[in-house]
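Novice: could you work out the structure for the sequence below:
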Amino acid sequence: MLLLLACSVLIAGGAAARPSDQVPASRHGFPDWLRGPWRVLGADGLTSQRFALLLLGVTVGYLVVLACARAVSARWAIAGIVAVHVVFLLAPPLLSGDVFAYLQYARLGTVHGLNPYADSPMRIAGDLAFRFSSEHRITSPYGPLWTLVSDAAVPVGVQAGLWTLKALAALSSLGIVALVWRGVRRMGRDPVGPALLVGLNPLVVLYAVGGAHNDLLMMLLAVAGIVLLTEPAVPRSALAGVTLTAAAAVKASAALLLPFALVGTRGERRRRALAGMLAAAALLLLAALLAFGVDALNLVDVLGTEQQRRGLNSVPRAASRVLGSHGLSDGVRLAFAVGFGAVALGLLVWVRRGADWVTAAGWATLALLLSTAWLLPWYGAWLMPVAALSGDRRLRLAALAFTAVYLATKILPNLA
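Specialist: Below you'll find the model as predicted:
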């Protein structure tokens, strides 16, 4: 635990010391409000090699803690998880400028009177959020619920808005850990290991919390839905349907959980869950149309465009390279998409025959991560809570393997 925490502090302090590739927004200026409170450490800056060494330390510390989880008390587990979250909450926005994209899209409507689903950010090129954002080409790819939530950060300005969204990400992540703790304990299992699996995972704390990503709010709602739907109280199934649908209205990725939730429940529980989903979908659609007009439906086209992007570390891209292609070939992309569809369908049939739907949803999420051409490290936050809630040890090991292999792709090239 101490190794993980020490390396985390050194990453945060180094990121706050001077501009670096680990703080993409710093390329456009590095004022004190962007650097954050860790600047008082006066630490050395983060070169790519130094960051890789510290990330290796975080990864080794995480794996050692998990290996010794049975010896970790609940009090120390909670203290360690909260401490690491505070470290990355107070760090500059790490490894991504997405938080400024969130602010940019929110300010399009609330400050400049434009529509984030119809107007490109290029219309507000003089805005401070535009200056630090790295995404200027497309209209908002985020769900309407997220846009409405991020609008609430606009009145405090860009500087305070950054730290407001960082706080929201950290609190969402801690809320996920709390829900995992509750869900696992209700299942009769020791909650310490699953809480550590999620709450100290580098893809979650360093990348997702450090970068203030909205994936954490999405997963907070999704995990709340999973826990509610697996509790004995049948009336809570309607609320579970509402929260699962709300998660998809933050970011469309959470929609993957919906069919598993419906196929995996029976009788009155399923009817209530479906009613909650339909009611939430109707309400959210109405709110989106009232707030953004029919242009809100442009989100579908934007998401289709986003799927044409290519992540450097995606499995389809690696497969294309093995097959001799310099980039990602359309044939490989199609093969992985068809493969994912087949796996998801097979998992749904498995659930229909009596398998645990949470476990199946976890495997489907892993299949999605392995098949998408646009894979980013904080997407690990989609998988870890579901794996932690599942009773399948193989799924938890697979989630750990995914974390380790992905982090290795970030560490090894910079140490070579």
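Novice: which elements pack onto the helix or strand harbouring A367?
Specialist: Per DSSP states H and E: A367 is located in helix 357-371. Secondary-structure packing of helix 357-371 (3 or more CB pairs under 8 Å, 6 or more residues apart in numbering; DSSP states H and E): helix 257-263, helix 315-322, helix 330-352, helix 380-389, helix 393-415. (Glycine included, C-beta is placed from N, CA and C.)
Novice: among those, which is nearest P24?
Specialist: Closest approach to P24 among the helices and strands packed on helix 357-371 (CB to CB): helix 393-415, 14.5 Å.
Novice: and that closest one, what's its mean pLDDT?
Specialist: Across helix 393-415, the average pLDDT comes to 95.
Novice: what is that helix packed up against?
Specialist: helix 48-67, helix 192-199, helix 357-371, helix 380-389.
Novice: which residues are in contact with that helix?
Specialist: 48-49, 51-53, 55-56, 59, 63, 66, 194, 197, 201-203, 313, 359, 362-363, 366, 369-370, 377, 380, 383-384, 387-388, 390 (CB atoms under 8 Å, 6 or more residues apart in numbering).
Novice: what comes up buried for that helix?
Specialist: L395, R396, A398, A399, L400, F402, T403, Y406, L407, K410, I411 (16 or more other CB atoms under 10 Å).
Novice: which of the three states applies to G211?
Specialist: coil (DSSP: H, G, I helix; E, B strand; the rest coil).
Novice: pretty sure it is touching W378, no?
Specialist: Yes - look at G211 against W378 with CB atoms under 8 Å: they come within range, at 6.1 Å.
Novice: pretty sure V209 is touching V87, no?
Specialist: No - look at V209 against V87 with CB under 8 Å: they stay out of range, at 9.1 Å.
Novice: looking at this structure, which helix or strand is least sure?
Specialist: helix 298-306 (a mean of 74; mean pLDDT, DSSP states H and E).
Novice: ok, back up a step: kindly reformat the helices and strands packed on helix 393-415 as TSV containing mean neighbour count.
Specialist: Formatted as TSV, the helices and strands packed on helix 393-415 follow (neighbours: other CB atoms under 10 Å):
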stretch	mean neighbour count
helix 48-67	18
helix 192-199	24
helix 357-371	23
helix 380-389	27
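Novice: among those, which comes closest to G157?
Specialist: helix 380-389 (27.5 Å).
Novice: export only the CA atoms of the closest one, formatted as CSV.
Specialist: The C-alpha coordinates for helix 380-389 follow below in CSV (Å, rounded to 0.1, in the frame of the first residue of the first chain):
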residue,chain,number,x,y,z
GLY,A,380,-11.1,-0.1,-17.5
ALA,A,381,-13.6,1.6,-15.1
TRP,A,382,-16.4,0.0,-17.1
LEU,A,383,-15.1,-3.5,-16.3
MET,A,384,-13.7,-3.5,-12.8
PRO,A,385,-16.9,-2.8,-10.7
VAL,A,386,-18.8,-5.5,-12.6
ALA,A,387,-16.0,-8.0,-12.2
ALA,A,388,-15.8,-7.1,-8.4
LEU,A,389,-19.6,-7.7,-8.0
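Novice: just checking, what packs against that helix?
Specialist: helix 157-186, helix 192-199, helix 215-229, helix 357-371, helix 393-415.
Novice: so which of those gets nearest L274?
Specialist: helix 215-229 (11.4 Å).
Novice: can you dump the C-alpha atoms of that closest one in CSV for me?
Specialist: Taking Å, rounded to 0.1, in the frame of the first residue of the first chain, the C-alpha atoms of helix 215-229 are listed here in CSV:
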residue,chain,number,x,y,z
ASP,A,215,-17.2,7.2,-17.2
LEU,A,216,-17.1,7.2,-13.4
LEU,A,217,-20.5,8.9,-13.1
MET,A,218,-21.8,6.5,-15.7
MET,A,219,-20.6,3.5,-13.7
LEU,A,220,-21.9,4.9,-10.4
LEU,A,221,-25.4,4.9,-11.9
ALA,A,222,-24.8,1.5,-13.5
VAL,A,223,-23.5,-0.2,-10.4
ALA,A,224,-26.3,1.3,-8.4
GLY,A,225,-28.7,-0.3,-10.8
ILE,A,226,-26.9,-3.7,-10.6
VAL,A,227,-26.9,-3.7,-6.8
LEU,A,228,-30.6,-2.6,-6.6
LEU,A,229,-31.6,-5.3,-9.1
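Novice: wait, doesn't L274 sit right on V263?
Specialist: No - with contact defined as CB under 8 Å, L274 does not reach V263; the gap is 11.2 Å.
Novice: in stretch 24-32, what counts as buried?
Specialist: For stretch 24-32, using 16+ other CB under 10 Å, the buried residues are P24, A25, S26, H28, F30.
Novice: not counting its neighbours along the chain, what's nearest the second one?
Specialist: I take that to be A25. Nearest non-adjacent residue to A25, counting by CB to CB, 6 or more residues apart in numbering: F132, 4.3 Å away.
Novice: ok, the one you found - contacts?
Specialist: Contacts of F132 by CB under 8 Å, 6+ apart are A25, H28, G29, L34, G97, F100, V158.
Novice: let me know the secondary structure of the residue nearest to the fifth one when sequence neighbours are not counted.
Specialist: If you skip the residues right next to it in sequence, G97 has S134 as its closest partner in space, 4.0 Å away by CB to CB, 6+ apart. Classification of S134 by three-state DSSP places it in coil.
Novice: try Y142
Specialist: coil.
Novice: then the one 5 residues further on?
Specialist: Three-state assignment for T147 (three-state DSSP): helix.
Novice: residue contacts, it?
Specialist: Y105, A106, G109, P116, S140, A291, F292.
Novice: can I get the residues you listed in a markdown table including distance to D215, neighbour count and secondary structure?
Specialist: Output for the contacts of T147, formatted as a markdown table (distance: CB to CB, whole Å; neighbours: other CB atoms under 10 Å; DSSP: H, G, I helix; E, B strand; the rest coil):
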| residue | distance to D215 | neighbour count | secondary structure |
| --- | --- | --- | --- |
| Y105 | 16 | 29 | helix |
| A106 | 17 | 25 | helix |
| G109 | 22 | 21 | helix |
| P116 | 19 | 29 | coil |
| S140 | 16 | 30 | coil |
| A291 | 22 | 16 | helix |
| F292 | 22 | 21 | helix |
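Novice: what is the nearest of those to W163?
Specialist: When the contacts of T147 are compared against W163 (criterion: CB to CB), the nearest one is A106, at 14.8 Å.
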